[in-house]
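>>> Kindly generate the corresponding structure for this input.
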Amino acid sequence: MQPSFSSTRHRLEFGFVWLLVRGLGILPRSVARAFGAGIGLFCFHLLGRLRQTGLRNLQIAYPEKTVEQHTSALRSLYLSLGHQIAEFCCMSRYTAKFAQEHIFRYEGLEHFLAARERGKGALVLTGHLGAWELSSFVHSLVGYPMGMVIRRLDNPLVDEFVNRIRCLHGNRVLHKDDFARGLLRAMAKNETVGILMDTNMTPPQGVFVPYFGVPACTASGLARVARATDATVIPGFLLWSEAEKRYILHFGAALEVVRTEDAEADALANTALFTSTIEQYVRSAPEQWLWLHRRWKTRPPGEPPIY
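Numbers count the residues shown, from 1 in each chain. This next block holds a predicted model:
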């Protein structure tokens, strides 16, 4: 039987990813990051459609800034993404000692430890800010493995390969197609799960809450699970510090989850709280957020499209 076009494409894509990861992975970290930065800048100039999406998003979020400022922020984002590619390619060889000496330090680790010791499970609120792929990996590397809610990649070969690296030190993957049950089981076992909660959704899974002052359709699943399980919700982001030339893994204080007799009102209020928290972190490092995503694509009824 001849392989289908899809399976052939999957093998070719996997081969490219494997060569990229192995090729950059054998280089010294500084050299790999330099190559990654080059890839990022190449994509910045090549991918015009994504660049336009990024500039539109920055115009929405920061209307007071100039086009030059928006472009500069977007260029910095591409550099950040290039560095993250390099870090992913090198991750499998990192040790706990190397990571703590050269890659990152904690800020607010006591908030994470307090959430875990509370005994009702911990939900780490995060987003596509900073080095999100590296964050859970280095956290597991130094002894704090966690679950990660992710979407399956379209290529199953690449998906398996990427997840194998992500989970080298005890992390585990929870797929979005088993989102609610997986989270409920994890909270019942007092586990920690990180959730990226800054992408566009559609109703009924998403509700409209403000993000940079503009209604954004946002997943309400985290809010519903937190309310149902009494789990602790803490923000967690791995941000690059140019001054220190390393990443800082920030854990914020536990968020005050609203719990009343009105489940739908609570879901809306808590989703707004979580989104506002993400916005605060994005504003602290706007050049590190994924402006390429069409965050405001879904509009409230009657509103014209943004893109």
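>>> what ranges do the strands span in the stretch 201-307 of the chain?
206-211, 214-219, 232-241, 246-251 (DSSP state E, counting those that start in this stretch).
>>> swap in the stretch 51-200 of the chain?
Taking DSSP E, counting those that start in this stretch as the test, the strands found in the stretch 51-200 of the chain are 104-107, 122-126, 147-150, 172-175, 192-196.
>>> So for stretch 280-296, what gets flagged as buried?
281-282, 285-296 (16 or more other Cβ atoms under 10 Å). No exception for glycine: its C-beta is placed from N, CA and C like everyone else's.
>>> Please read the previous query as pertaining to stretch 198-206.
Per 16+ other Cβ under 10 Å, stretch 198-206 contains these buried residues: 198, 199, 200, 201, 206.
>>> quick revisit: so which of the strands of the stretch 201-307 of the chain comes closest to residue 82?
Proximity to residue 82, assessed across the strands of the stretch 201-307 of the chain by Cβ to Cβ, is greatest for strand 232-241 (12.0 Å).
>>> neighbouring strands for the closest one, and are they parallel or not?
Looking at strand 232-241 with DSSP bridges, its partner strands are strand 122-126 (parallel), strand 246-251 (antiparallel).
>>> the inter-axis angle of that strand versus strand 192-196?
On the basis of axes from the mean of the first three to the mean of the last three Cα atoms, to 10 degrees, strand 232-241 is oriented at 60 degrees to strand 192-196.
>>> Using CSV, write down the CA coordinates of strand 232-241.
Taking Å, rounded to 0.1, in the frame of the first residue of the first chain, the C-alpha atoms of strand 232-241 are listed here in CSV:
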residue,chain,number,x,y,z
THR,A,232,-5.7,27.5,44.3
VAL,A,233,-5.0,29.7,41.3
ILE,A,234,-1.7,31.4,41.0
PRO,A,235,-0.1,33.2,38.0
GLY,A,236,3.2,31.9,36.6
PHE,A,237,5.3,33.3,33.9
LEU,A,238,9.0,32.8,32.8
LEU,A,239,10.2,36.3,31.6
TRP,A,240,13.5,37.2,30.1
SER,A,241,15.5,39.8,32.1
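>>> Spatially nearest residue to residue 269, not counting backbone neighbours?
residue 258 (4.6 Å; Cβ to Cβ, 6 or more residues apart in numbering).
>>> looking at it, that neighbour is touching residue 273, isn't it?
Yes. Here residue 258 reaches residue 273: they are 7.3 Å apart, a contact under Cβ atoms under 8 Å.
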